[in-house]
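Asker: Everything below, folded, please.
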Amino acid sequence: MNWKGKIITLGVTAAMLTASLTAGAFSASVSAAAVEYSKAKVIWGVNLRTSPSTSASIIRQVPKGDTVTILGKSGSLWYKVQDSANQTGYISASSKYTQAINGSASSDNTSTSDLDSTSAAKGSEAVEKVIAAGMKYLGTPYEYGASRNSTKTFDCSSFVRRAFLDALGVKLPSDSRQQGDYVKAKGPVQTDWRKLKRGDLMYFMSYKGTKASAYAGVNKASQRITHTGIYLGNGKVLHTYSNEGGGVTISDIAGKHWEYRFLFGGSAL
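Answerer: Got it, this is the predicted structure:
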């Protein structure tokens with residue numbers, strides 16, 4: 001038996017196997033390092049979850065404009081991240097919600113200003129879709145406590161919810177107060193309605209009369225939300241509040257009780 005030849009063959013095979021394993025380990029470490037410490041900008045408010053699943057508990061909602069550190073990736077659908085509050089969890093890796101701004105996951109030669117412009121364009125497109133979805137229900141009858149699963153009648157919050165659901169597949173909370181909390185979690189809000197942007201959601205307190213004097217001295221910070229609508233720009237709001245008012249309708253704000261009742265507004269996108 002040629003023992004010398006056997007030994008040489010085994011030695012070569014072992015060397016090749018070691019090289020293969022080493023290369024594999026090196027590739028894995030490079031892949032992990034490529035993801036680690038990459039940054040992503042949140043371009044649409046996204047839920048930070050305890051594990052990579054839509055059924056996992058929500059830690060908080062990371063608002064639009066925040067930057068997170070990507071610690072790793074779970075499959076193709078989830079990033080493991082650390083947010084600006086130093087909380088660790090999982091967010092959707094969909095380009096609808098996040099845009100990598102450096103590291104391996106980012107697009108070559110993409111500047112922050114480019115990303116801001118892209119986000120603004122996407123945001124404007126989304127706003128117009130929501131408004132168009134709401135406008136198609138003009139004249140739909142009003143019903144207090146209307147079913148969230150029907151489009152035959154609406155109350156104020158079910159109407160706003162339906163516009164977002166039809167346009168973007170975004171399911172807002174069921175009632176106006178919860179929707180107001182949702183908007184506040186997304187980012188800054190405005191207490192001056194004239195500073196709102198087209199597509200922002202508006203929140204109002206209870207009706208006390210048609211004159212400004214009826215609301216004088218009211219601490220609006222302590223008032224409960226009783227009504228909501230979609231700001232169209234140019235001093236108009238798309239909403240529904242009564243059948244006498246025409247069901248889903250467009251109302252002027254300035255000089256009306258809507259102006260005096262206004263609490264705050266902001267984007268739900």
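Asker: what number of residues lie near the residue nearest to Ser57 when sequence neighbours are not counted?
Answerer: Once flanking residues are discounted, Ser57 sits nearest to Thr50: 4.7 Å by CB to CB, 6 or more residues apart in numbering. Just so you know, the C-beta spots here come from the backbone N, C-alpha and C atoms, and that holds for glycine as well. When neighbours are counted by other CB atoms under 10 Å, Thr50 registers 12.
Asker: For Thr50, list the residues it contacts.
Answerer: Taking CB atoms under 8 Å, 6 or more residues apart in numbering, we find Thr50 in contact with 56-57, 59, 89-90.
Asker: Same check on Cys156?
Answerer: By CB under 8 Å, 6+ apart, the neighbours of Cys156 are 176, 227-229, 239-241.
Asker: residue boundaries of the strands in the stretch 1-150 of the chain?
Answerer: 38-42, 46-49, 58-62, 67-74, 78-82, 88-92, 98-100 (DSSP state E, counting those that start in this stretch).
Asker: and the fourth one, what other elements does it pack with?
Answerer: Same thing as strand 67-74. helix 3-35, strand 38-42, strand 78-82, strand 88-92 (3 or more CB pairs under 8 Å, 6 or more residues apart in numbering; DSSP states H and E).
Asker: Swap in 7 Å and give it another go.
Answerer: helix 3-35, strand 38-42, strand 78-82 (3 or more CB pairs under 7 Å, 6 or more residues apart in numbering; DSSP states H and E).
Asker: Can you give me the neighbour number for Tyr203?
Answerer: Count around Tyr203 with other CB under 10 Å applied: 25.
Asker: Work out for me the element it sits within.
Answerer: strand 201-204 (DSSP states H and E).
Asker: Note down every partner strand of that strand and its orientation.
Answerer: Here strand 201-204 is paired, per DSSP bridges, with strand 227-233 (antiparallel), strand 262-266 (antiparallel).
Asker: could you dump the ones you listed to JSON lines with distance to Leu196, mean pLDDT and mean neighbour count?
Answerer: As requested, these are exported to JSON lines (distance: least, CB to CB, whole Å; pLDDT from 0 to 100; neighbours: other CB atoms under 10 Å):
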{"stretch": "strand 227-233", "distance to Leu196": "5", "mean pLDDT": "97", "mean neighbour count": "23"}
{"stretch": "strand 262-266", "distance to Leu196": "5", "mean pLDDT": "97", "mean neighbour count": "23"}
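Asker: Ser74: which of those strands is closest?
Answerer: Comparing those by their distance to Ser74 (CB to CB), the top pick is strand 262-266, with 31.5 Å.
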